[in-house]
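1. Just to be clear, the model below is a prediction. Sequence and coordinates:
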Amino acid sequence: MTEDSTFVKSILDKAGINWEYIRYDEDGGFLSRYNYLKELTTIAEKLHATHQFKLVHCRSYLAALIGLHFKRKYKIPFVFDMRGLWADERIDGKIWNKRNPLHFLAYSYFKKKEKQFFRECDALISLTQRGCSFIDRQFPTFQIIEKTTVIPCCTDTGHFSGETKSVPDLGYSPSDHVLLYSGSIGTWYNTSQMIDCVGAWKKFIPNLKLLIITKDHSALQKILNERTEEEREMIKTVSVNYSEMPGYMKIAKASIFFIKPAHSKIASSPTKMAECWSMGLPIITNKGIGDNDHYILKEKGGILIDDFTKECYENACKEYLNFQINACELRKIALQYFDNKDAAKKYVAVYQTVLTKCKA
């Protein structure tokens, strides 16, 4: 068991949750994933024989294959926690290519199963309201609205509270204006365009700096190798443990991230949003992702970039310089929509509703 696994298990043990798992290789191919699925199904069958499950909660599409199997075989209520339009995301993110016969077969299979998940699940969890509305339009006879609960990616607002006194010294001067990027590099994040934007903003904020917190150093380095020396000088990169994140985030004036625009992203909810608003940081991001436009425009959570052009970057900077940053008001967005304790209550309510309905 790895150090991360031990940490997770300790949390689950304290909560009275039994955790059975298999080792998963992210780089494995289709055959590996098929074998993982068979192994997990076997484990689930054995556990059901012992514990007699009353409800199965499945996170994303691969797990939902097992949930659908249990629903059909044992009539066990099935909660589909979709986490996004997974099959379409793999096409949009260029993980799968429809011109590849194997990829096209996998995509077609999961789109077929997706429809079955939506139709046969007893409850559906969507990360966004836009995702829920889209699915309802696609399948108007499936009672999507009635059985869907929207629960975005949330955070521990107690941990990300801005109250930490442990702020690291990264060599910034008091006059430096630091923007923060945190998280993975590649697939869905437009890191190069983000650097372009920060470079354009230096025309208006000469002391602007970009702090990148990531563990994907090799992927980031490939991008930085193609940038100018001046651009590299304005960027600092660090790798930080979860417990240390609030201290590093306190260095920043705002958070910035760009997500590759694609139709499938209407169902996405970046966790980093919740963390940043919980810390009282405004967010600079591009429009059209999940429910972000609502939070940015209606809740005044930050600045939206219309397109990845110099003109749009400069217009956004002018908006940012006029933006009235109120950390308390920004934190209220996190407390109202993204608090993990409220999310837990919503999940419990879903379980209770499903179990009550199925007993009736």
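-> Noted; the coordinates are in hand.
2. buried residues in stretch 124-142?
-> 124-136, 142 (16 or more other CB atoms under 10 Å). Every C-beta, even on glycine, is put in place using the N, C-alpha and C of the backbone.
3. for stretch 46-64, that is, sorry about that
-> Neighbour-count burial for stretch 46-64, counted by 16+ other CB under 10 Å, picks out Leu55, Val56, His57, Cys58, Tyr61, Ala63, Ala64.
4. could you give the mean pLDDT of that stretch?
-> In this model, stretch 46-64 carries a mean pLDDT of 96.
5. helices and strands of this protein: which one has the lowest mean pLDDT?
-> Least confident helix or strand, the chain: helix 3-14 with a mean of 82, by mean pLDDT, DSSP states H and E.
6. pretty sure Tyr337 is touching Tyr295, no?
-> Yes. Between Tyr337 and Tyr295 there is a contact at 7.2 Å, judged by CB atoms under 8 Å.
7. quick one on the thing from earlier: could you save the buried residues of stretch 46-64 as TSV and add columns showing distance to Ile283 and secondary structure?
-> Output for the buried residues of stretch 46-64, formatted as TSV (distance: CB to CB, whole Å; DSSP: H, G, I helix; E, B strand; the rest coil):
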residue	distance to Ile283	secondary structure
Leu55	36	coil
Val56	35	strand
His57	30	strand
Cys58	30	strand
Tyr61	28	helix
Ala63	30	helix
Ala64	31	helix
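8. Find the centremost residue of this protein, please.
-> Pro270 (3.5 Å; CA atoms, centre = their mean).
9. is it true that that one touches Ile259?
-> Yes. In this structure, Pro270 is within contact of Ile259 by CB under 8 Å, at 7.0 Å.
10. who touches both of the two?
-> Shared contacts of Pro270 and Ile259, defined by CB atoms under 8 Å, 6 or more residues apart in numbering, comprise Ile289.
11. how about low-confidence regions in the chain?
-> By pLDDT under 70, the weakly predicted segments of the chain are 1-4, 164-165, 360.
12. so where's the longest helix in it?
-> What stands out as the longest helix in the chain, according to DSSP state H, is helix 30-51.
13. Contacts for that one next, please.
-> Residues from elsewhere that reach helix 30-51, judged by CB under 8 Å, 6+ apart: 20, 22, 24-25, 28, 53, 62-63, 65-66, 69-70, 74, 76, 102, 106.
14. change it to 6 Å
-> With CB atoms under 6 Å, 6 or more residues apart in numbering as the test, helix 30-51 has contacts from Glu20, Ile22, Ile66.
15. Selection in PyMOL covering whichever of those residues are buried, please.
-> Listed next is the PyMOL selection for buried residues among those, using 16+ other CB under 10 Å:
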select buried, resi 66
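16. Let's have the contacts of helix 30-51 in a markdown table, adding distance to Asn241 and secondary structure.
-> Output for those, formatted as a markdown table (distance: CB to CB, whole Å; three-state DSSP):
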| residue | distance to Asn241 | secondary structure |
| --- | --- | --- |
| Glu20 | 27 | coil |
| Ile22 | 26 | coil |
| Ile66 | 33 | helix |
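17. how about the strands in the stretch 251-360 of the chain?
-> Under the criterion DSSP state E, counting those that start in this stretch, the stretch 251-360 of the chain contains strands at 254-256, 283-286, 302-305.
18. Can you give the strand pairings for the last one, parallel or anti for each?
-> It refers to strand 302-305. Take DSSP bridges as the rule and strand 302-305 pairs in its sheet with strand 283-286 (parallel).
19. Please compute how far the strand it pairs with lies from its chain's middle.
-> Centroid displacement of strand 283-286 relative to its chain, using CA atoms, centre = their mean, to the nearest Å, is 15 Å.
20. shift numbering so it begins at 43
-> Noted, 43 is the first residue going forward, which turns the last one into strand 325-328.
21. Show residues contacting it.
-> With contact meaning CB under 6 Å, 6+ apart, strand 325-328 is reached by Ala296, Ser297, Ile298, Phe299, Phe300, Cys318, Gly343, Gly344, Ile345, Ile347.
22. Make a markdown table out of those residues and add neighbour count.
-> Output for those, formatted as a markdown table (neighbours: other CB atoms under 10 Å):
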| residue | neighbour count |
| --- | --- |
| Ala296 | 19 |
| Ser297 | 23 |
| Ile298 | 28 |
| Phe299 | 23 |
| Phe300 | 22 |
| Cys318 | 31 |
| Gly343 | 23 |
| Gly344 | 27 |
| Ile345 | 21 |
| Ile347 | 21 |
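23. so what are the domain limits for this structure?
-> 119-196+383-402, 219-379 (automatic domain parsing).
24. can you put the ones you listed in CSV and add distance to Ser74?
-> Formatted as CSV, those follow (distance: least, CB to CB, whole Å):
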stretch, distance to Ser74
domain 119-196+383-402, 13
domain 219-379, 19
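25. follow-up on the earlier one: can you redo the strands of the stretch 293-402 of the chain as CSV with distance to Glu286?
-> Below are the strands of the stretch 293-402 of the chain laid out as CSV (distance: least, CB to CB, whole Å):
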stretch, distance to Glu286
strand 296-298, 16
strand 325-328, 21
strand 344-347, 24
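26. Out of the ones you listed, flag the one nearest Val50.
-> With distances scored as CB to CB, the stretch of the strands of the stretch 293-402 of the chain nearest to Val50 is strand 296-298 (26.0 Å).
27. Just grab the bridge partners of Ile298 for me.
-> Beta-bridge pairing for Ile298 (DSSP bridges): Ile326.
28. Please look at it and Leu222 and confirm they touch.
-> No. Ile298 lies out of contact with Leu222 (CB atoms under 6 Å); the separation is 7.0 Å.
29. Which parts of the stretch 93-242 of the chain are helices?
-> Listed in chain order, the helices of the stretch 93-242 of the chain (DSSP state H, counting those that start in this stretch) span 102-116, 128-134, 143-162, 171-180, 186-189, 233-243.
30. All set now, cheers.
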